[in-house]
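In: A predicted structure for the sequence below; I have some questions about it.
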Amino acid sequence: MPTFLTIEAMTVAAAGAPRPLVENLSLTIERGRVLALVGASGSGKSMTCLASLGVLPPGVFQTGGEVRIDGRSHTWQELRGRHVAAIMQNPRGAFNPVRTMRDHAVETLKALGRFDSDADDRIASALIEVGLKEVKQVLPLHAFEMSGGMLQRMMIALALLSDAPFLFADEPTTDLDLVVQMRILDLLERLVAERGLGVLLVTHDMGVVARLADDVALIDHGRLVEEGPVEAMFASPRHPVTRLLVNAHLSLYGMELA
Ligand SMILES: Nc1ncnc2c1ncn2[C@@H]1O[C@H](COP(=O)(O)OP(=O)(O)OP(=O)(O)O)[C@@H](O)[C@H]1O
């Protein structure tokens, strides 16, 4: 099983934009650890994620860089599903409204080339692993019949069906209420511990970072400006934007940086 996923010198540009949206950005994600990619809105976090998965929106292009697993380059087809699974913000929008949860699970297994006689067992154990224990009741549901928290759990279950060792999670709790956020973060933490997943967690929420991340990388205007263990980032942030984010977080608790 691989140990490291490295994003190397990733550069992303948009047609007509005067400067790159992401510039020469390198990150390493290690199995069993959570790397938080933080930064202000529009700093390039999602573009880094999307470029690394080869799914940039129309008009936006990767102009440099690559993704390696333990030093080896891979095609997007090999990366997506086999090595990296992804969960995104707004799970409701990710589901086809006229298809059931079972349809989505079957479609995911078919896309991965893993739809065989064990499919039903595999789907059931993925649902149980993410806390959707009433499998028979959940599988016939459509997205509109489920809460945001259930849908995010279902997205994570679909990600687990691939057995990919790395997970990209782009703002996985942003649209959820605080109690559900906490439960999803608990679930991600358990999956990192039990499956040894390596997670790239995209967020602008320093509360989420404090709760889940081992390491933090800060991006500003598409460039990596600070990187290190989470404790150091909170105790002595160096870059002005990191100080701003940490101070904004601490002020919620009536505290500020020394
Ligand atoms: N489809 C697009 N075409 C051109 N530029 C885009 C497109 N989508 C986003 N951008 C620009 O790319 C830059 C980076 O956007 P990105 O979505 O990666 O930021 P982000 O850090 O993830 O922000 P947020 O936290 O708000 O999601 C922004 O300046 C944004 O305006």
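Out: Nice, I can see it.

In: Let me know how buried the nearest residue to Asp214 once chain neighbours are set aside is, in neighbour terms.
Out: Distance criterion CB to CB, 6 or more residues apart in numbering; nearest residue to Asp214, sequence neighbours excluded, is Arg33 at 4.4 Å. For the C-beta atoms, the positions are set from N, CA and C on the backbone; glycine is no exception. Using other CB atoms under 10 Å, Arg33 has 15 neighbouring residues.

In: Kindly report the same for Val246.
Out: Here the neighbour count serves as a burial measure; for Val246 (other CB under 10 Å) it reads 22.

In: Can I take it that Gly65 is in a strand?
Out: Yes. Applying DSSP: H, G, I helix; E, B strand; the rest coil, one finds Gly65 inside a strand.

In: I figured it hits Ala13, correct?
Out: No. Counting by CB atoms under 8 Å, no contact exists between Gly65 and Ala13, whose distance comes to 11.4 Å.

In: So Leu250 sits against Pro237, correct?
Out: No. With contact defined as CB under 8 Å, Leu250 does not count as touching Pro237 (10.5 Å).

In: who's more crowded, these two?
Out: When neighbours are counted by other CB under 10 Å, Pro237 comes out ahead of the other of Leu250 and Pro237, with 20 against 14.

In: The more buried one reaches His249, doesn't it?
Out: No. Between Pro237 and His249 there is no contact under CB under 8 Å: 10.4 Å.

In: Can you work out which residues contact both of Leu250 and Pro237?
Out: Jointly contacting Leu250 and Pro237 under the rule CB atoms under 8 Å, 6 or more residues apart in numbering are Leu257.

In: Pretty sure the residue nearest to Asp214 sits against Asp215.
Out: Yes. Under the criterion of CB under 8 Å, Arg33 is in contact with Asp215, at a separation of 6.5 Å.

In: Which residues of the stretch 101-250 of the chain lie near the ligand?
Out: Residues of the stretch 101-250 of the chain found near the ligand (CB under 6 Å from any ligand atom) are His204.

In: could you pull out the helices for the stretch 101-250 of the chain?
Out: With DSSP state H, counting those that start in this stretch, the ranges of helices along the stretch 101-250 of the chain come out as 101-111, 119-129, 135-138, 148-160, 178-195, 206-212, 230-235, 240-251.
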